[in-house]
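# here are the coordinates; sequence isn't available:
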């Protein structure tokens, strides 16, 4: 029996999709012997949540986020603990979750994985009740995510330009951090990340040891150091060895609490925002089905 598959497309993602573009790709590469497709386009931030929930209610078998990590976040949030399976077509700028899953950045390959891939059951994480699948954090990377979100330009060049512009401007932040209900420790940091998977996108890997199906999340603490040392470690961020740097702490855990200054930048799957509340992270094991190689 053919499966129902809904493609939820973000038309203002990094790839700026139009209906004719995605329809042509699917007609050329999707297995129509396996799937009955439907295409929906989002009209505003948050619309993918509504479209995904309606698809779950209609018992759609596979619901595909066509966009970046923000689109994946919105779609997956409604699939947790349901019978619907997440698919990912990497139509965003960074595509961190797709990179971690082995889907990559090529649309043809991603559609072929929908045709022939396996269904994996993976973990998700909740931050103050908000679900996410990839990474969330506070500090420098969150600041970059916030400014990138406010910019009208997409793509790696703009992301890199914002990063370089902020590299020496962003001050170190003081946080209090509790792991698995242990007493709080104080740290002065460039940033703190709570990772389910490895990659920000653009192949930057702040959490190379993270696994999405081990029932644990990785707490990454980037302690304060002279900023030139971070630049020297940049190759390690690409080749998956950043955890060997002496200013990094990598802790596997199930719960994290972070006391932050008021009006701090945070990001949730790459979407930047400001928050003043204490951050409470908790792993949600075996909560999402996803198609991957």
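Arrived safely. Computed from a predicted structure; not experimentally measured.
# list the buried residues for the lowest-mean-pLDDT helix or strand in the chain?
Sorting the helices and strands of the chain by mean pLDDT, DSSP states H and E puts helix 156-166 at the bottom, at a mean of 79. Using 16 or more other CB atoms under 10 Å as the test for burial, helix 156-166 gives 159, 162, 163. C-betas here are computed from N, CA, C, even on glycine.
# measure the last one to residue 36 for me?
The span separating residue 163 from residue 36 equals 43 Å under the rule CB to CB, to the nearest Å.
# cool, and the first one?
Plainly put, residue 159 is 37 Å away from residue 36 if you go by CB to CB.
# how long is stretch 258-268 end to end?
Start-to-end span of stretch 258-268 (CA to CA, to the nearest Å) is 15 Å.
# use 33 as the first number from now on
In the new count, where the first residue is 33, that last one comes out as stretch 290-300.
# so for that stretch, mean pLDDT?
Averaged across stretch 290-300, pLDDT comes to 93.
# now do the buried residues in it.
Under the neighbour-count criterion of 16+ other CB under 10 Å, stretch 290-300 has 290, 292, 296, 297, 298, 299, 300 buried.
# what's the answer for stretch 62-77, then?
In terms of neighbour count (16+ other CB under 10 Å), stretch 62-77 has its buried residues at 62, 67, 69, 71, 72, 73, 74.
# now do the helices in the protein.
Remark: helices assigned in the chain by DSSP state H are 51-61, 79-89, 101-109, 128-133, 139-148, 172-182, 188-198, 259-264, 266-271.
# out of those helices, which gets the lowest mean score?
Ranked on mean pLDDT, the bottom entry among the helices of the chain is helix 188-198, at a mean of 79.
# quick one, that one and helix 172-182 angle?
With axes from the mean of the first three to the mean of the last three CA atoms, to 10 degrees defining the directions, helix 188-198 sits at 130 degrees from helix 172-182.
# how far off centre is helix 188-198?
Averaging C-alpha positions (CA atoms, centre = their mean, to the nearest Å) puts helix 188-198 19 Å from its chain's average.
# over to stretch 291-303?
Here stretch 291-303 is found 15 Å from its chain centre; the criterion is CA atoms, centre = their mean.
# which strand residues bridge the nearest residue to residue 321 once chain neighbours are set aside?
With CB to CB, 6 or more residues apart in numbering as the criterion, residue 321 has its nearest non-adjacent residue at 4.2 Å, and that residue is residue 117. Note on residue 117: beta-bridge partners by DSSP bridges are residue 94.
# return the residues in contact with residue 117.
93, 94, 95, 111, 151, 321, 322, 323 (CB atoms under 8 Å, 6 or more residues apart in numbering).
# let's see that with 6 Å instead.
By CB atoms under 6 Å, 6 or more residues apart in numbering, the residues touching residue 117 are 94, 151, 321, 323.
# just checking, the last one touches residue 120?
By that I understand residue 323. No - applying CB atoms under 6 Å, one finds residue 323 not in contact with residue 120, separated by 7.8 Å.
# these two - which one has more neighbours?
residue 120 (28 against 22; other CB atoms under 10 Å).
# could you report the pLDDT at the more buried one?
Residue 120 carries a pLDDT value of 98.
# ok, residue 46 next?
Residue 46 carries a pLDDT score of 62 in this model.
# how many neighbours does the closest residue to residue 65 other than its chain neighbours have?
Leaving aside its chain neighbours, residue 65 sits nearest to residue 34 (7.4 Å; criterion: CB to CB, 6+ apart). Counted with other CB under 10 Å, residues neighbouring residue 34 total 12.
# equivalent analysis for the one 5 residues further on, please.
Neighbours of residue 39 under the rule other CB under 10 Å: 26.
# now do the same contact list for it.
By CB under 6 Å, 6+ apart, the contact list for residue 39 reads 71, 96, 98.
# from those, which ones fall inside strands?
The members of those that map onto strands under DSSP state E are 71, 96, 98.
# closest one of those to residue 201?
residue 98 (34.6 Å; CB to CB).
# hmm, residue 119 and that closest one touching each other?
No - applying CB under 6 Å as the test, residue 98 and residue 119 come out as separate, 9.0 Å apart.
# can you pull the contacts of residue 217?
By CB under 6 Å, 6+ apart, the residues touching residue 217 are residue 209.
# and it, how far from residue 295?
Distance of residue 217 to residue 295, computed by CB to CB: 23 Å.
# got the buried residues for the longest strand belonging to the chain?
Longest strand of the chain, by residue count under DSSP E: strand 311-324. Under the neighbour-count criterion of 16+ other CB under 10 Å, strand 311-324 has 311, 313, 314, 315, 316, 319, 320, 321, 322, 323, 324 buried.
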